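Undergrad: kindly return the folded structure for what I paste below:
(3 chains)
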Amino acid sequence: MTAPALDEVYGYVQERCLWQFSSRAWDRTENIDGVLGTLADLLTNTPVNPSSPTERLFLADARVLADQLRERFPDLGSLDAAGVRALLESLRERVTQVAITQSRNHELHEKAY
Amino acid sequence: MPMVLLRCDKDIPEREKHIYLKAPDDDPKDFLPLANSPTIPGTLSERGCAFCGAKLVIGGVLKDTIQMIHGPIGCAYDTWHTKRYPSDNGNLQIKYVWSTDMKEPDIVFGGEKKLEKAMHEAFDEMPHLKRMILYTTCPTALIGDDVKAVTKRVMEARPDVDIFTVECPGFAGVSQSKGHHVLNIGWVNEKVGTIEPEITSEYTMNFIGDYNIQGDTFLLQQYWDALGIQVIAHFTGNANYDDLRGMHRAKLNVVNCARSAGYIANELKRKYGTPRLDIDSWGFNYTAEGIRKISTFFGIEEKGEALIASEYAKWKPKLDWYKARLKGAKMAIWTGGPRLWHWTKAVEDDLGVEVVAMSSKFGHEEDFEKVIARGREGTYYVNDPNELEFFEIINAIKPDVIFTGPRVGELVKKLHIPYVNGHGYHNGPYMGFEGFVNLARDMHNAVHNPLFNLARTDVRATPVVELKEAV
Amino acid sequence: MGCEIKPRVRVGVINPMYDCQPAGAQYAGIGIKDCIPLVHGGQGCCMFVRLLFAQHFKENFDIASSSLHEDAAVFGGRKRVEQAVQVMVQRYPNIRVIPIITTCSTEVIGDDIEGTITDINKWLTKGFPERKIHLIPVHTPSFQGSQVTGYNEFMTSTFKTIATKKTEPTGKLNVFPGWVNPGDVMLLKTYCQQMGVDATVFMDTENFDSPVLPDKSVESHGQTTVEDIENSSGAIGSIALARYEGAAAAEYLSQEHNVPCVVTPTPIGIKNTDELLKNIAELTGKPIPESLVRERGIALDALMDLAHMFFADKKVAIYGHPDLVIGLAEFCLELEMKPVLLLFGDDNSKPKKDKRIKALKERTDVDIEVVTNADLWELEKRVRDKTPEVDLILGHSKGRYIAIDANIPMVRVGFPTFDRAGLYRKPTIGYRGAMELGETIANALFTHMEYTKNKEWLLNVW
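TA: Next up, the predicted model:
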């Protein structure tokens, strides 16, 4: 058993998840950190107890993604909690890089609409 | 060279920045078509104007609202009878349009008096209507009529009416997109929070970016009813003006068509802390995912799963029947913007259809980020396309069906390619489970239309067919 | 009896009857071959008009926009026009005519179109010496007139720009049909052919009904060539079928190049078609042939079965372009119907002084109400309140809900007629047009009798 490669997981997330592509950088950052943070908890069986509407939103997005990733990458189960968190941290960096820091989208930092 | 300069564009080389041909192993950071940028004049671009973006697409959907257009007659005439958004109260929004019918003296001496009179008249002629959206147009913006002042006077004279002004002349921005934004942001700033909606459920949401095309809103409403969720505002399908004033009370903003709807959700998030959930409401897979997320948010997962299961049981066999007959069909999507990324994967996963070319009239770079992430390799992604580019791309990719508007549909018919109305649908609704079966059916009936095979035949070249004797 | 003419009194419009001037100019412009009209204004001014034409004809027509954005709206749009023309000339190697159609915004800004054209012509001559591109200034601010005057303005500007020289006599007849359908153009060509008259129809829109062909060629464009327009000055005469749609171009040819000009009553109905043929015969010296006498007879034969049996005394409301409305009202009288309500949709003051309206009054014992500068709300209120009561509505598709909601039979005629299939192919003018329109009216009434179960048994024997 080998752990799924970052490229594959990233490829799936990139294709599947709208929350990384919100209209502005601040919104993208919030979503990426929030959803992937909750996803890490879900995939490491850490209890998630959302207390705010925003946390409930991250849970909604993360739970669907967790189920999809488990189904698509059964080898995720071979990773221990630290391994999962490391993978997801790399994923977070990649998503942030593509969707925010290196994005060619001119409007990410515009204040007005 | 994934950015492409088409042969027909050799004299306008800047078009290379707008056309992307996705290649294997392209790094998504490296290529993004330029979007929401000025149109090159004389190209036969497909774009409309900011005014129509506000009136025709968004404001004009409201079912209880006078649409007063402050300008010459054409702006009203042209944004009337071109959309397929019914309502459940007699289709006022389809039947009527209002104009101040600006004439030369009004342009020379100012149109405010005429506007004020026309607004009063409109309320007098249809006394049951108490809500109005007022739009400026190119000339009334250029002469600087103070429409907000006029609106204030009319509202003071008529305490029971409410009026919203949208200042979005046709020359603003580069496409209809600007008008969506002006209306949306203006609404959030001026009208949201001015009324307290009646709350009937502990689960409340706004559904933003669905304009009830052929009854999309009606169809999705069945799901929300089944889940016990109160939709405070449909923005703007089948909506009343006052519904949209109570958006601040929803616990969740669900965003579908996120071109401009996303901005509303962002502003509501900033002002009221309401979370924004983006979903796709076309396609089986996507609709199920959207329902799952909404149900999880409200903690009603079981209800959500039950709904998905019963809808799958009802519609999936029908979808699969079409999938078997559509598999491998090549589709082009030439629409406004968001439908590109909503549809490309949905038709691929649910129907086995390959989307080989997509073009967006008014999408922003955000839309291209989404669609390139989801779309296939070897597919064209075009911003602000023009007619010669259509011809060249069709020649290159030879699609079996094109989802686009009726006018372009008439053009591609001559090239023996059937179209399905990608804006107003052929026989919708297309959203949700049942809707996607409708889409599949319309695509199937287009792709297998026998007349197109006959069109491809030259009667002179056909070998003589044996005459069948009547038995 | 009386004929009351009054204007709409409200300042605002609810449901307009006509589009604005640039739309009319575009309609005329697509009638020219190797021509792409350039609309100088916001993108919507061209995009929605293209959609409107597509709705009516089920065809795509090429029209370009100067895509006026904010900077140009503030600082002037001259550069946008120059760039547009350059792009069009480069990318469309066969293009020969580019009409530059102004809109409200570019007229308010005050762009100097004539000056711009002079400048463009200089670099066109230098850059494309082998090509002759005709740039036509068409001033159609949307805050004047309507699509009707816009059509007329385009026709006048075009002939003034291209038909500048008196050519050798061509022996041909110029026919200005006005804003008509391909079916009408086909009919006019057939009539002239039968009379042995070599006619040029301005604009020749026959191909607005164009085929799907094995070689995928796209033929949905006008057929009137630059040469046709140039040679119009050498014609033996001009005949205009619509007073307010193109007659001004015929009059220009008469004043400038001494081409005799006749404005014939819009040939809707038998008598008006008689006038058309007589006028053609007089202008050309060619006799009216037996074949048209027979076609007239067929039409009369068909209409006689309907008039005093079904049509007589039916009260009709008619709206649309003035020439069309007047022609239809005259036709109604031939059929013994009562045109009780006529609506014109712009502030052009000429139609209300039209002699044909006075003549209508003299020909009938019916009270006729004429509303000028009307919107469709004027019609809707009258239909709803039965002031007057009407049995039939004749007009274009934009008024469809008035008929649907009031449950009154309606026959689509004019422009646009997007809610009925194939109407653009059928003539409204000529004997055949009279027959087909009469029969369409009859069938609409019959269907209504059946749906409302109103003496539908009459139709068992008639």
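Undergrad: buried ones in stretch C:337-350?
TA: Using 16 or more other Cβ atoms under 10 Å in any protein chain shown as the test for burial, stretch C:337-350 gives C:337-348. C-beta: built from backbone N, CA, C; applies to glycine.
Undergrad: now those as JSON lines including distance to B:V57, secondary structure and pLDDT?
TA: Converted to JSON lines, those look like this (distance: Cβ to Cβ, whole Å; DSSP: H, G, I helix; E, B strand; the rest coil; pLDDT from 0 to 100):
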{"residue": "C:M337", "distance to B:V57": "42", "secondary structure": "coil", "pLDDT": "97"}
{"residue": "C:K338", "distance to B:V57": "43", "secondary structure": "strand", "pLDDT": "96"}
{"residue": "C:P339", "distance to B:V57": "40", "secondary structure": "strand", "pLDDT": "97"}
{"residue": "C:V340", "distance to B:V57": "40", "secondary structure": "strand", "pLDDT": "97"}
{"residue": "C:L341", "distance to B:V57": "35", "secondary structure": "strand", "pLDDT": "97"}
{"residue": "C:L342", "distance to B:V57": "36", "secondary structure": "strand", "pLDDT": "97"}
{"residue": "C:L343", "distance to B:V57": "31", "secondary structure": "strand", "pLDDT": "97"}
{"residue": "C:F344", "distance to B:V57": "32", "secondary structure": "strand", "pLDDT": "97"}
{"residue": "C:G345", "distance to B:V57": "26", "secondary structure": "coil", "pLDDT": "95"}
{"residue": "C:D346", "distance to B:V57": "28", "secondary structure": "coil", "pLDDT": "91"}
{"residue": "C:D347", "distance to B:V57": "30", "secondary structure": "coil", "pLDDT": "90"}
{"residue": "C:N348", "distance to B:V57": "33", "secondary structure": "coil", "pLDDT": "87"}
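Undergrad: for chain B, tell me which of those show up nearby.
TA: When contact is defined as Cβ under 8 Å from any Cβ of the partner chain, the buried residues of stretch C:337-350 meet chain B at C:D347.
Undergrad: which of the buried residues of stretch C:337-350 sit farthest apart?
TA: C:M337 and C:D347 (28.5 Å; Cβ to Cβ).
Undergrad: just the buried residues of stretch C:337-350 now: which is nearest C:D323?
TA: Nearest member of those to C:D323, counting by Cβ to Cβ, is C:F344, at 10.1 Å.
Undergrad: chain C contacts on the stretch 351-471 of chain B?
TA: So the stretch 351-471 of chain B meets chain C at B:387-388, B:405-408, B:410-411, B:413-416, B:455-459, B:461 (Cβ under 8 Å from any Cβ).
Undergrad: for C:L379, helix, strand, or coil?
TA: Following DSSP: H, G, I helix; E, B strand; the rest coil, we place C:L379 in the helix state.
Undergrad: relative to chain B, how far out is it?
TA: 13 Å (Cβ to the nearest Cβ, to the nearest Å).
Undergrad: is it correct that that residue is in contact with C:A403?
TA: No. In this structure, C:L379 is not within contact of C:A403 by Cβ atoms under 8 Å, at 9.7 Å.
Undergrad: need the overlap of contacts for these two.
TA: Residues touching both C:L379 and C:A403 (Cβ atoms under 8 Å, 6 or more residues apart in numbering or on different chains): C:I393.
Undergrad: contact partners for the one residue in chain C that gets nearest to chain A?
TA: Across chain C, the shortest distance to chain A (Cβ to the nearest Cβ) belongs to C:E70, at 14.4 Å. Applying Cβ under 8 Å, 6+ apart, one finds that C:E70 lies in contact with B:171-173.
Undergrad: what's in contact with the top helix by length along chain C?
TA: When chain C is parsed with DSSP state H, its longest helix is helix C:430-451. Outside helix C:430-451, the residues that touch it by Cβ under 8 Å, 6+ apart are C:183-184, C:187-188, C:191, C:267-270, C:273, C:276, C:292, C:295-296, C:298-299, C:302-303, C:306, C:310-311, C:314, C:331, C:334-335, C:391-392, C:394, C:409-411, C:413, C:426-428, C:454-456, C:458-459.
Undergrad: filter the residues of the stretch 351-471 of chain B next to chain C to the buried ones?
TA: Buried, going by 16+ other Cβ under 10 Å: B:387-388, B:405-408, B:410-411, B:413-416, B:455, out of those.
Undergrad: now these in JSON lines, with secondary structure and pLDDT?
TA: Shown next, in JSON lines, are these (DSSP: H, G, I helix; E, B strand; the rest coil; pLDDT from 0 to 100):
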{"residue": "B:E387", "secondary structure": "helix", "pLDDT": "96"}
{"residue": "B:L388", "secondary structure": "helix", "pLDDT": "97"}
{"residue": "B:G405", "secondary structure": "coil", "pLDDT": "97"}
{"residue": "B:P406", "secondary structure": "helix", "pLDDT": "97"}
{"residue": "B:R407", "secondary structure": "helix", "pLDDT": "97"}
{"residue": "B:V408", "secondary structure": "helix", "pLDDT": "97"}
{"residue": "B:E410", "secondary structure": "helix", "pLDDT": "97"}
{"residue": "B:L411", "secondary structure": "helix", "pLDDT": "97"}
{"residue": "B:K413", "secondary structure": "helix", "pLDDT": "98"}
{"residue": "B:K414", "secondary structure": "coil", "pLDDT": "98"}
{"residue": "B:L415", "secondary structure": "coil", "pLDDT": "97"}
{"residue": "B:H416", "secondary structure": "coil", "pLDDT": "97"}
{"residue": "B:A455", "secondary structure": "helix", "pLDDT": "96"}
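Undergrad: those: which two are farthest apart?
TA: It's B:L388 and B:A455 that sit farthest apart of these, by Cβ to Cβ, at 22.4 Å.
Undergrad: so which of the buried ones among the residues of the stretch 351-471 of chain B next to chain C is the closest to chain A?
TA: Of these, the one sitting nearest to chain A (Cβ to the nearest Cβ) turns out to be B:G405, at 25.2 Å.
Undergrad: skipping adjacent residues, who's closest to the closest one in space?
TA: Leaving aside its sequence neighbours, B:G405 sits nearest to B:H423 (Cβ to Cβ, 6 or more residues apart in numbering or on different chains; 5.1 Å).
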